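1. A structural model of the following input is requested.
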Amino acid sequence: MYRLSPTKSLYCLLTLALISSPTVSAQQNPAAQNGIAQNDPRQQVSPELWELLDAWAKGSSQIRLLHGRHERHVYDTAFEVEKISSGEFWYESPDKGRIDVKPIDISPKMIADRNQPGAKVERKKDGQPFELKADSHERWICDGQRIYDINDPQKTAKVLDLPPTLRGQNIMNSPLPFLFGLPPEKSIQRFKMTLVEDYRPRGYNVVKMHAEPKWRQDAENWSEAQIFLDTETFLPTAVKLVDPAGTKRTVYKFEDMKVNNRGIISTVLGKTPWDPKIDGYQIHVIQPAEDQQIADVNKPSQGQTIPNVLGQPHDVATQMLLSAGIPRENISKQNAGPAPKDDLTYRVREQNPKPGSPVNRSEKVVLLIFDKYNGWFGGLKCW
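-> Have a look, this model is predicted:
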């Protein structure tokens, strides 16, 4: 099963990052199994939240075209690293979208500002700011029939064909529809949502909501979310996502959003945004079966084996394991001590079970990850 990494999931926020499974069934939806939220969903939330969700859905329904800029911060608490990137996104109703992510150059001034006393940054256990790094260059495009996951530096692309059940308006069944509001009864059915009453910043028409997933397809990608919603435009100003393990937080900040302006969609470098422009790229096409069923978590996946992730960066290793059908909550990362040399920092030293073992969705996969390279003496400690 092919999934996009949650740390790369602004595409999900555009309601366009889809997984290769059919539309949601009762097996995925606990509310449908238990009869919850079927009769009177209003009783499950406060009147204020219901009114807000209803207004959000109505405001979203007026958006046909959208363009904006974003800034992304990924906080990895296991390795005390913050990665930053920025870019643009495009959306055209009902099912076209594009997101460009580009690394931000780390300047000496940025480092100096973070080291100032009282700077509002994520900090290590010793009180020092997280190590700041530029994130990777990434690009996704959905033309309504396919999703393109493009790596321009390596000139490779993964192409996911969408089954008819996930085209058009059904794209709202994608993992994280937090850029556009779902109808309130569907939001409540899918998420445990609360309104954070004490968040009322003076001078801003912004409210804060907290969400937790009820459906399995969402819980495999994130454990909680915070949405900062502008009640004038009914577009989020920011979204924060926490991964299932609770060790990684991804924050998206949105700005310069333009709504229903045909000029923002007409051309990008002389072509529409939905043209992937991947001539000469190495392409891997993924065609999910429309009748694919949810696997029994207690049985090994048919024909799937655990890939060899030794030496891979820890986030790449995670994506490889997810693509092999291993649930995110079953992937455990442990510190393997300082790297023996700098280019092994945050790479996989050992994995258990060994590469080639059958995939069992109920079994934990443990990765030992090298920490930072600490020089000659740090290298000696690893051996």
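
2. how is the chain carved up into domains?
-> For the chain, automatic domain parsing gives the domain ranges 6-286, 300-381.

3. Throw those domains into CSV and include mean neighbour count and mean pLDDT, thanks.
-> C-beta: built from backbone N, CA, C; applies to glycine. Below are these laid out as CSV (neighbours: other Cβ atoms under 10 Å; pLDDT from 0 to 100):
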stretch, mean neighbour count, mean pLDDT
domain 6-286, 17, 78
domain 300-381, 16, 81
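
4. what distance do you get for D343 to S60?
-> Going from D343 to S60 by Cβ to Cβ, to the nearest Å gives 46 Å.

5. ignore the last one, G337
-> On the measure of Cβ to Cβ, G337 and S60 end up 49 Å apart.

6. what about I188, helix or strand, and which?
-> Using DSSP states H and E, I188 maps to helix 184-190.

7. which helices and strands does the following helix or strand past that helix pack with?
-> For helix 184-190, the following helix or strand on the C-terminal side (DSSP H and E) is strand 191-195. Using 3 or more Cβ pairs under 8 Å, 6 or more residues apart in numbering; DSSP states H and E, the elements in contact with strand 191-195 are helix 47-60, strand 206-213.

8. what would those look like in TSV with distance to L241?
-> Formatted as TSV, those follow (distance: least, Cβ to Cβ, whole Å):
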stretch	distance to L241
helix 47-60	18
strand 206-213	10
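
9. residue ranges for the helices of this structure, please.
-> Per DSSP state H, the chain carries helices over the ranges 10-13, 30-34, 47-60, 108-114, 184-190, 216-219, 263-266, 314-323, 375-381.

10. got the CA coordinates for the longest one in CSV?
-> These are the backbone C-alpha positions of helix 47-60, laid out as CSV (Å, rounded to 0.1, in the frame of the first residue of the first chain):
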residue,chain,number,x,y,z
PRO,A,47,-23.5,24.6,19.9
GLU,A,48,-20.6,27.0,19.3
LEU,A,49,-18.5,24.3,17.6
TRP,A,50,-21.4,23.1,15.5
GLU,A,51,-22.1,26.6,14.3
LEU,A,52,-18.4,27.1,13.4
LEU,A,53,-18.2,23.8,11.5
ASP,A,54,-21.3,24.7,9.6
ALA,A,55,-20.0,28.1,8.6
TRP,A,56,-16.7,26.7,7.7
ALA,A,57,-18.3,24.1,5.3
LYS,A,58,-20.5,26.8,3.7
GLY,A,59,-17.5,29.1,3.3
SER,A,60,-15.4,26.4,1.7
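
11. now that helix: how far from the chain's centre is it?
-> Remark: helix 47-60 is offset 24 Å from the chain centroid, using Cα atoms, centre = their mean, to the nearest Å.

12. what do you get for stretch 138-150?
-> Centroid separation for stretch 138-150 versus its chain: 15 Å, with Cα atoms, centre = their mean.

13. now the terminal residues of it, how far apart.
-> Counting by Cα to Cα, to the nearest Å, you get 6 Å between the two ends of stretch 138-150.

14. going forward can the numbers begin at 167, since that is how I track them
-> Will do, 167 is the new start, and the previous item becomes stretch 304-316.

15. now do the contacts for A411.
-> R494, E495, I497, S498, K499 (Cβ atoms under 8 Å, 6 or more residues apart in numbering).

16. rerun at 10 Å
-> A411 is in contact with T243, A244, S389, T484, R494, E495, I497, S498, K499, counting by Cβ atoms under 10 Å, 6 or more residues apart in numbering.

17. doesn't H480 make contact with the second one?
-> This points to A244. Yes - if you go by Cβ atoms under 10 Å, A244 and H480 touch, sitting 8.4 Å apart.
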